[in-house]
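> Fold the stuff below for me.
(chains A, B, C, D, E and F)
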Number of protein chains: 4
Amino acid sequence: MFIELDLQSETPIYAQLVNQIVEGIASGALQPGDPLPSVRRLAEDLGINLHTVNKSYNLLKQEGFLQVHRKKGVIVQPDGMPGVTEAFEEKLRQQLRSLAAAAAVRGMSEEAFAQESRSVYRDTITNRGGEQR
Amino acid sequence: MFIELDLQSETPIYAQLVNQIVEGIASGALQPGDPLPSVRRLAEDLGINLHTVNKSYNLLKQEGFLQVHRKKGVIVQPDGMPGVTEAFEEKLRQQLRSLAAAAAVRGMSEEAFAQESRSVYRDTITNRGGEQR
Amino acid sequence: MFIELDLQSETPIYAQLVNQIVEGIASGALQPGDPLPSVRRLAEDLGINLHTVNKSYNLLKQEGFLQVHRKKGVIVQPDGMPGVTEAFEEKLRQQLRSLAAAAAVRGMSEEAFAQESRSVYRDTITNRGGEQR
Amino acid sequence: MFIELDLQSETPIYAQLVNQIVEGIASGALQPGDPLPSVRRLAEDLGINLHTVNKSYNLLKQEGFLQVHRKKGVIVQPDGMPGVTEAFEEKLRQQLRSLAAAAAVRGMSEEAFAQESRSVYRDTITNRGGEQR
DNA sequence: GTGGTCTAGACCACA
DNA sequence: GTGGTCTAGACCACA
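Just a heads-up that it's a prediction; the model follows:
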């Protein structure tokens, strides 16, 4: 799995990193229990600051997607990912609402919007269950 | 149509305002040609800074959702909304990707995700063509 | 309410700060809705770095004790504090266990330990409901 | 008596080890004069680093809970445990203060907090004087 | 070596 | 002015 950052993007670097790691887990490129690079290592590889990586890791730890293991370092949550909580549902719906409204105003049909969602989801989980590293 | 701001939200006020106006247009609560409150008026009604409203209006004007008329003041774009541009498609897909990944990791199925998108879209356009606020 | 830090303590500065703010809320010195100093201001007052204060505020925000309000700045949670969750109970019990064991080994009786807890609790909430600022 | 470590915990392994040995003494599972496994042995059993066990043993020796014998190896203090010193009282109170404040803020009553303390104490010394692990 | 903590300093988005 | 983000650099606790 590789990570690509857009330093010009409006999306903060730490958020891009969070997104891409989550996408990595969704796609199966990162499996439960898999180790992640150390903050220092990843920071160097990406050419960004250690603290930025740290912030991303911490957010993912808080959400329950990563664990900090005293021997293995940072690993992908091995004990089951967090489920679809109320809070997540709410946040998801709120964000979809803005996207759907913008799409609708521009003339994208319900069908097209749902189809787009479905196809993006499918792309996301592509390799699921695939390569076992 | 009324606007509700959450001052505790992480989403900047100007962005909340943008979203809600777009949602108003999508739902039909705001029809093409409809006047919007003046910057000053809306700022006062919402108890927020004048510059904040200005920023939102400007963004919406740039995207082609609003027009600023010498005489009529700010109105909803009467000459046809912008369509589904390449840039919009790209941005939409990118944001859906993050949402889809988070949903997938938490165990939400493709079907559930697509259904959620569809249902949110439907809610969004509810009043379309219907009553004039 | 004032804050006193021990820079030589083993307890990290950010944690001392967190504890003292929580104690301030418990004692009533800080009331729901009360504003806290800005990170910069508090950092300067305490002679510590801005980021250290920021870390404390963020932790307290995550726990639901503080809110970041876009107009009022950082304020004490006005919408009801988080309650006694499972997670809190568990953490509390775990920490009490270590303290109780050390006390017991040193010959402190159950009565004395419980009494100590009670008296510390009482001290903590001293001014509750007292000064309304 | 057995020891269970949580490698994901924020509490350092050496501290967990210290706590559990103290709890073992408090419960009576470890009696004065009882031998403890050698550093090497315990490290191997627990699958942790030799230095970590060493650090724990040293701390416990300094506090007066363990003795290191030329011939008998490491044993539980046979000549009377240290009592409730000023320093201990102070540290205990300080830690209880943070716990009490957090409990109070979350709405736990004085009675509940004292009761929790009492019940945890009781659990801790359960097997006192009873069976020999 | 690795994560955690802290400082110093800077720029930007937001209101 | 205020919080958010990012960088650079340093020291320490831990294993």
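
> wait, does stretch A:104-113 contact chain B?
Yes - against chain B, stretch A:104-113 shows contacts by CB under 8 Å from any CB of the partner chain at A:104, A:105, A:106, A:107, A:108, A:110, A:113. Any C-beta I mention is one placed from the backbone N, CA and C, and that applies to glycine too.

> can you list the domains in chain A?
A:13-76, A:86-124 (automatic domain parsing).

> Kindly report the residues of chain A close to chain D.
A:67, A:68, A:69, A:70, A:71, A:72.

> For the nearest residue to the fifth one once chain neighbours are set aside, list the residues it contacts.
Think residue A:71. With CB to CB, 6 or more residues apart in numbering or on different chains as the criterion, residue A:71 has its nearest non-adjacent residue at 5.7 Å, and that residue is residue D:7. Contacts for residue D:7 (CB atoms under 8 Å, 6 or more residues apart in numbering or on different chains) come out as A:69, A:70, A:71, A:72, D:13.

> wait, doesn't residue A:39 sit right on residue A:52?
No - taking CB atoms under 8 Å as the definition, residue A:39 is not a contact partner of residue A:52, at 9.1 Å.

> For chain A, just list every one of the strands.
With DSSP state E as the criterion, chain A has strands at A:66-69, A:73-76.

> Show me which residues of stretch A:85-101 are buried.
Applying a neighbour-count criterion of 16 or more other CB atoms under 10 Å in any protein chain shown, one finds A:88, A:92, A:95, A:96, A:97, A:98, A:99, A:100, A:101 buried in stretch A:85-101.

> would you list the residues of chain A next to chain D in a markdown table and tack on pLDDT, distance to DNA strand E and neighbour count?
Converted to a markdown table, those look like this (pLDDT from 0 to 100; distance: CB to the nearest atom of the strand, whole Å; neighbours: other CB atoms under 10 Å in any protein chain shown):
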| residue | pLDDT | distance to DNA strand E | neighbour count |
| --- | --- | --- | --- |
| A:67 | 93 | 10 | 19 |
| A:68 | 90 | 5 | 15 |
| A:69 | 91 | 9 | 14 |
| A:70 | 88 | 8 | 18 |
| A:71 | 88 | 10 | 10 |
| A:72 | 89 | 9 | 15 |
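
> Report the two of these separated the most.
A:67 and A:71 (11.5 Å; CB to CB).

> If we ignore the residues flanking it in sequence, what's nearest the closest residue to chain D within chain A?
Here the residue of chain A nearest chain D is residue A:70; by CB to the nearest CB that distance is 4.6 Å. Excluding its sequence neighbours, the residue lying closest to residue A:70 (CB to CB, 6+ apart) is residue D:7, at 4.6 Å.

> Quick check: the gap between the one you found and DNA strand F.
8 Å (CB to the nearest atom of the strand, to the nearest Å).

> Residue A:69 too?
Residue A:69 is 10 Å from DNA strand F, by CB to the nearest atom of the strand.

> residues touching that residue, list them.
So residue A:69 contacts A:75, D:7, D:8 (CB under 8 Å, 6+ apart).

> Who does it form a beta bridge with?
On the basis of DSSP bridges, residue A:69 is bridged to residue A:73.

> And for residue A:43, the neighbour number?
17 (other CB atoms under 10 Å in any protein chain shown).

> The one 10 residues further on too?
Neighbourhood size, residue A:53 [other CB under 10 Å]: 25.

> That one contacts residue A:45, correct?
No - using CB under 8 Å, residue A:53 is not in contact with residue A:45, being 9.5 Å away.

> and the residue positioned nearest the centre of chain A, what is it in contact with?
Most central in chain A under CA atoms, centre = their mean is residue A:22, positioned 2.2 Å from the mean C-alpha point. Residues near residue A:22 by CB under 8 Å, 6+ apart: A:60, A:65, B:98, B:101, B:102, B:105.

> For chain C, see how far away the residue nearest to it when sequence neighbours are not counted is.
Among residues not flanking residue A:22 along the chain, residue B:101 sits closest, at 4.8 Å (CB to CB, 6+ apart). For residue B:101, the distance to chain C equals 23 Å [CB to the nearest CB, to the nearest Å].

> Could you find the closest non-adjacent residue to whichever residue of chain A sits closest to DNA strand E?
Nearest residue of chain A to DNA strand E: residue A:38, at 3.0 Å (CB to the nearest atom of the strand). Nearest residue to residue A:38, sequence neighbours excluded (CB to CB, 6+ apart): residue A:73, at 6.0 Å.

> which residues does residue A:75 contact?
Contacts of residue A:75 (CB under 8 Å, 6+ apart): A:33, A:34, A:35, A:36, A:66, A:67, A:69.

> could you measure the last one against residue B:68, distance?
Applying CB to CB, to the nearest Å, the value for residue A:69 to residue B:68 is 57 Å.

> again with residue A:37
Taking CB to CB, one finds residue A:37 at 50 Å from residue B:68.

> likewise residue A:14?
Taken as CB to CB, the span from residue A:14 to residue B:68 is 37 Å.

> Roughly how far does the most far-flung residue of chain A relative to its centre sit from residue C:125?
Distance from the centre of chain A peaks at residue A:107, with 29.2 Å (CA atoms, centre = their mean). Residue A:107 is 60 Å from residue C:125, where distance means CB to CB.

> And for residue A:84?
38 Å.

> Next, count neighbours for the closest residue to residue A:3 other than its chain neighbours.
Spatially, and ignoring its direct neighbours in sequence, residue A:3 is nearest to residue A:20 (5.0 Å; CB to CB, 6+ apart). Using other CB under 10 Å, residue A:20 has 20 other residues around it.

> Then residue A:78?
14.

> Now for it: which residues touch it?
Counted by CB under 8 Å, 6+ apart, residue A:78 has contacts A:32, A:33, A:67.

> if we go to 6 Å?
A:32, A:33 (CB atoms under 6 Å, 6 or more residues apart in numbering or on different chains).

> What of residue A:26?
A:124, A:125, B:101, B:104, B:105.

> and what of residue A:93?
Contacts of residue A:93 by CB under 6 Å, 6+ apart are residue B:120.

> change it to 10 Å
When contacts are counted by CB atoms under 10 Å, 6 or more residues apart in numbering or on different chains, residue A:93 is found next to A:100, B:116, B:117, B:119, B:120, B:123.

> looking at it, the second one is touching residue B:108, isn't it?
Yes - using CB atoms under 10 Å, residue B:116 is in contact with residue B:108, at 7.8 Å.

> which residues do the two both contact?
If you check residue B:116 and residue B:108 against CB under 10 Å, 6+ apart, the residues they both contact are A:89, A:92, B:99.

> Run through the residues of chain A sitting next to DNA strand F.
A:12, A:13, A:14, A:15, A:48, A:49, A:50, A:51, A:52, A:55, A:70, A:71 (CB under 7 Å from any atom of the strand).

> surely residue A:46 meets residue A:21?
No - the criterion here is CB under 10 Å, and residue A:46 misses it with residue A:21 at 11.9 Å.

> which neighbours do those two share?
Counting by CB under 10 Å, 6+ apart, the residues touching both residue A:46 and residue A:21 are residue A:3.

> and those two? which has more neighbours close in?
In this view residue A:46 and residue A:21 are compared by other CB under 10 Å, and residue A:21 has more residues nearby, 25 against 18.

> Can you report how many residues lie near the residue lying closest to that one once chain neighbours are set aside?
Leaving aside its chain neighbours, residue A:21 sits nearest to residue A:60 (6.1 Å; criterion: CB to CB, 6+ apart). Using other CB under 10 Å, residue A:60 has 21 neighbouring residues.

> need the contact list for residue A:60.
Applying CB under 10 Å, 6+ apart, the residues contacting residue A:60 are A:17, A:18, A:21, A:22, A:25, A:36, A:66, A:67, A:74, A:76, A:77.

> in stretch A:30-47, what's buried?
Those would be A:30, A:34, A:36, A:39, A:42, A:43, A:46, for stretch A:30-47 by 16+ other CB under 10 Å.
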